[in-house]
Structures are given as C-alpha cells and as structure tokens.
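**Q** need coordinates for the following:
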Amino acid sequence: MKESAEDIKPYNDEEAKGKQVGEMFDSIAPSYDFMNTMMTGGLHVRWRNKALKMAASRMGGKSPKMILDVACGTGDVSFRLHEMFPKAHVTGLDLSAGMLKIAKEKLTEMDPEDQHHITFLEGDCLKMPFPDETFDLVTVAYGVRNFEHLEEGYREMRRVMKPDGVICVIELSEPANPLIRSGYRLYSRNVIPLVGRMVSKDTRAYSYLPESIAACPQRGDMTAMMERAGFRDATFKSLTLGVITIYLASK
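**A** Next comes the predicted model:
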C-alpha cells in the first residue's frame, strides 16, 4: 500500500511530522533560496508568476484586499503578491522561525511604505490565528505535502477564506509519462540529495523532498481532496513535463 504524504517524515517515525518539518526548514533556511534556484534551473520564478496570474484570473479581475501566503518560507511568493497587488495586505505564515528570519530580513530592505503592507507570522497551518472569512486569496507554494494532516489543512485554509475567495496551490509532482518519470526520479532521488547534503549540510532534508513529492496526492487526486475539504470547481494545470502542478479552487 502506497504511503501517504502524512506518513513521510524528515528524520524519524516517532516525533510529529509538523515538529520535524519545522526543524528541517530551520536547518536548511540559509541555503533554501540557492537550492530552489539550483534544483529548478531558475524555473521556480516562472512557475510562481504563472500560478499567481492564474489565481488573479480566477478572481475575475477583482483585486484582493487581504491575502494569506501559507508556508511562506523566505517570502518569495509573499513579495511577488505585493508587487501584483500593492494595495492589499499580505500575511505570510510559516512554522519555521529560521525561514521567517530570512523573510523579515528581506522585508527590512524594502521601502518603509511598502513594509506596512506585508506581515510575517510564525504559526501552525492547521491552527491558524485568524478569524473566519478573513482572506480574499490564499496561496501555498511547495507546502501542502509538508502538512501533518493535508485534508485538515485544506479545511483550515477554507475556514479563513471569504466567500468566493480563491486558493492557489503550487506543488511539485512526478511526471505522468513513464519514460520522463524515470529520468525525473533519477535526478530527484540521486542528484538533488547529493547536492543538498553538500550545500545545506542536512543529510536528510533533500532525500525527504522526492519521497514527499511521490507520496503526495497529485493532479486529479489533489483536486478531489480539495473538493472533499469543501472547495468548489477545483482544477489543475501541470507545467514543464509534469514536474510542477498548479491547483486552483474557490470557496
């Protein structure tokens, strides 16, 4: 029986996944941005921009006033959201203090007026510190496969969204084509862990990465889960031979 993403943990089987994920990202935070660029050949920027344009289109031209970036990491998506919607307030939430430290350092380099439009908070995506129906748009980039309870995470994100709000999820996926998938697995399970160990010094983080990708629901399975969690009209679009998939849904 295939393991679920919730069963895949960074370091051991005893401690809770959420705790281990937080420790892992604290460990790799200094090298995270570099590794993202190296692993994707810089394509992560194109994927991010494509996904956020799709989310804006899904909103029908309406400009969001309140945006939540879940698992915001070092703030890459949060800062891009501010560029796209400069009048909105963007809240970035993450459980890793190490990742947030870097995001906040980037924030201090911005114009003081722009800084007021972005807030970074440490918190658990399964128990978010926000009232019901707060946000017009919720984004998650490369984060849902790290949730300790994925469907519960979707329900919690739906809770804090306004009626007719939009969720945009960017997640790594395995190519559907068997031939391409075999080449992808060779790269993701051998090259990435080797380079990751050299750069980050964390012996497990970049082995956990391909394991968690393979175990996470993908494409139609993911949209089905989103709809079970209460979202409507969930859709997906795969890019770059299927190594990345963008998911959109509405409340």
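**Q** residue ranges with poor pLDDT in the chain?
**A** 1-2 (pLDDT under 70).
**Q** and the helices in it?
**A** Ranges of helices in the chain, per DSSP state H, are 17-40, 43-58, 76-84, 97-108, 112-115, 150-159, 178-186, 192-200, 205-215, 220-228.
**Q** so which of these gets nearest Val243?
**A** Judged by Cβ to Cβ, the one of the helices of the chain that comes nearest to Val243 is helix 178-186, at 6.2 Å. No exception for glycine: its C-beta is placed from N, CA and C like everyone else's.
**Q** how far off helix 205-215 does that closest one point, in degrees?
**A** Angle, helix 178-186 to helix 205-215, by axes from the mean of the first three to the mean of the last three Cα atoms, to 10 degrees: 150 degrees.
**Q** switch the helices of the chain over to TSV; also include distance to Thr240.
**A** Below are these laid out as TSV (distance: least, Cβ to Cβ, whole Å):
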stretch	distance to Thr240
helix 17-40	9
helix 43-58	6
helix 76-84	18
helix 97-108	25
helix 112-115	31
helix 150-159	23
helix 178-186	10
helix 192-200	15
helix 205-215	14
helix 220-228	17
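**Q** and the top strand by length along the chain, what other elements does it pack with?
**A** Counting residues, the longest strand found in the chain (DSSP state E) is strand 161-172. For strand 161-172, the packing partners by 3 or more Cβ pairs under 8 Å, 6 or more residues apart in numbering; DSSP states H and E come out as helix 43-58, strand 135-141, helix 220-228, strand 244-250.
**Q** to Ile244, which of the helices of the chain lies closest?
**A** helix 43-58 (5.0 Å).
**Q** just the CA trace of that closest one, in CSV.
**A** Listed in CSV are the C-alpha atoms of helix 43-58, where the atom choice follows Å, rounded to 0.1, in the frame of the first residue of the first chain:
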residue,chain,number,x,y,z
LEU,A,43,12.2,27.9,-13.4
HIS,A,44,10.6,28.3,-10.0
VAL,A,45,10.2,32.1,-10.8
ARG,A,46,8.3,31.3,-14.0
TRP,A,47,6.1,28.8,-12.2
ARG,A,48,5.3,31.2,-9.4
ASN,A,49,4.4,34.0,-11.8
LYS,A,50,2.3,31.7,-13.9
ALA,A,51,0.4,30.4,-10.9
LEU,A,52,-0.3,33.9,-9.5
LYS,A,53,-1.5,35.1,-12.8
MET,A,54,-3.9,32.2,-13.0
ALA,A,55,-5.1,33.0,-9.5
ALA,A,56,-5.7,36.6,-10.4
SER,A,57,-7.7,35.5,-13.5
ARG,A,58,-9.7,33.1,-11.3
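**Q** could you check the angle strand 161-172 makes with that helix?
**A** Angle, helix 43-58 to strand 161-172, by the same axes, to 10 degrees: 150 degrees.
**Q** mind starting the numbering at 635 from now?
**A** I'll keep to 635 as the first residue from here, and by that count the last item is helix 677-692.
**Q** what about helix 677-692, distance to the chain center?
**A** Computed by Cα atoms, centre = their mean, to the nearest Å, the chain-centroid distance of helix 677-692 equals 13 Å.
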